[in-house]
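Engineer: Provided below are the primary sequence and the corresponding predicted coordinates.
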Amino acid sequence: MPPHSKLPLDSFLLIVIGVMADSKTFASTGSRLALLLFASMLCGGCTTFNHDWEVASHQSVPATELKGRWEGFWLSDANAHTGKLRCVISKKEDGEYRARFHAKYGKAFSFGYTVDLKVESLGDSYRFRGQANLGWLAGGLYSYEGHADQTNFFSTYSSKYDHGTFQMTRP
C-alpha cells in the first residue's frame, strides 16, 4: 500500500484487534470480547451501508423520484459541528420511504442509522417528516422535516440536545 493511502477504519480496527488478541498484555478473554464488540459497533453498519450505496449506484431512478443516492453534509446549529453525509432512500411496500443515513464526524468517526419517512408528493417535489431514536449516547429521539426535488434534498433535524440541517444533492 502506498504511504499516502488511507487505511479504512474498519480494516484498521480489525488489525488492532488481531494484534491485541495475540498480545500477552491483552490476554483476558473478557477484554478481547469487549474490544471486539466496540469495534463491531464502529464499523459494522458502515460495511452494509457501503454495499447498499454501491448497489444503488447501478439502479436507474426516474428524475422525479425521491429514492436513490444523496450526498452532502450535516451542520449542527447548536454547536457548529459538521461533517459529510450520505443517504440511500428506498420506497417501502406500504408506499412510505426509508432513509439510511451515514454521517461522518471528524476524520475517524462515522455513524449510520435509518429513518422511516412519511412523504407527501407535490408533483415534481416531495415534503417529508420522520423520527428515529438514535439511543441515549447519540442524543435520543430525533425528528426530521424537509423537502426534496429532482436534485436537492434539505432537512432540518432536532433532538433534546441538538438541532441543525442536512443538505444533499444527487451524486
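Structural biologist: Arrived safely, thanks for sending. All values reported here derive from a predicted model rather than from experimental measurement.
Engineer: is it true that residue 100 touches residue 117?
Structural biologist: No - with contact defined as C-beta atoms under 8 Å, residue 100 and residue 117 do not form a contacting pair (11.1 Å). All C-beta atoms are positioned from the backbone trio N, CA, C, and that covers glycine.
Engineer: Between the two, tell me which one has more neighbours.
Structural biologist: Neighbours per residue (other C-beta atoms under 10 Å) separate residue 100 from residue 117, with residue 117 holding more: 23 against 19.
Engineer: domains for the chain, by residue range?
Structural biologist: Structural domains of the chain, as assigned by automatic domain parsing, span the residue ranges 9-57, 68-169.
Engineer: Pick the most buried one from these.
Structural biologist: The densest packing among those, expressed as mean neighbour count by mean count of other C-beta atoms under 10 Å, is seen in domain 68-169 with a mean of 16.
Engineer: what's the offset of it from the middle of its chain?
Structural biologist: Going by C-alpha atoms, centre = their mean, to the nearest Å, the spacing between the C-alpha centre of domain 68-169 and its chain's C-alpha centre is 9 Å.
Engineer: same question, stretch 159-171
Structural biologist: Put simply, stretch 159-171 sits 11 Å off its chain's centre (C-alpha atoms, centre = their mean).
Engineer: Report the separation between the two terminal residues of that stretch.
Structural biologist: One end of stretch 159-171 to the other measures 28 Å (C-alpha to C-alpha, to the nearest Å).
Engineer: Same question for stretch 150-162.
Structural biologist: 28 Å.
Engineer: which ones are touching the residue positioned nearest the centre of the chain?
Structural biologist: Taking C-alpha atoms, centre = their mean as the criterion, residue 102 is the residue nearest the geometric centre of the chain, at 1.4 Å. For residue 102, the contacting residues are 45-46, 49, 53, 85-87, 110-112, by C-beta atoms under 8 Å, 6 or more residues apart in numbering.
Engineer: So which of these are in strands?
Structural biologist: 85-87, 110-112 (DSSP state E).
Engineer: what's the closest of the residues you listed to residue 125?
Structural biologist: Closest to residue 125 out of those is residue 87 (16.8 Å), distances taken as C-beta to C-beta.
Engineer: any idea how far residue 87 is from the residue nearest to the centre of the chain?
Structural biologist: Shown here: residue 102 relative to residue 87, a distance of 7 Å by C-beta to C-beta, to the nearest Å.
Engineer: For residue 76, which non-adjacent residue is spatially closest?
Structural biologist: Closest residue to residue 76 in three dimensions, ignoring its sequence neighbours and counting by C-beta to C-beta, 6 or more residues apart in numbering: residue 164, at 4.1 Å.
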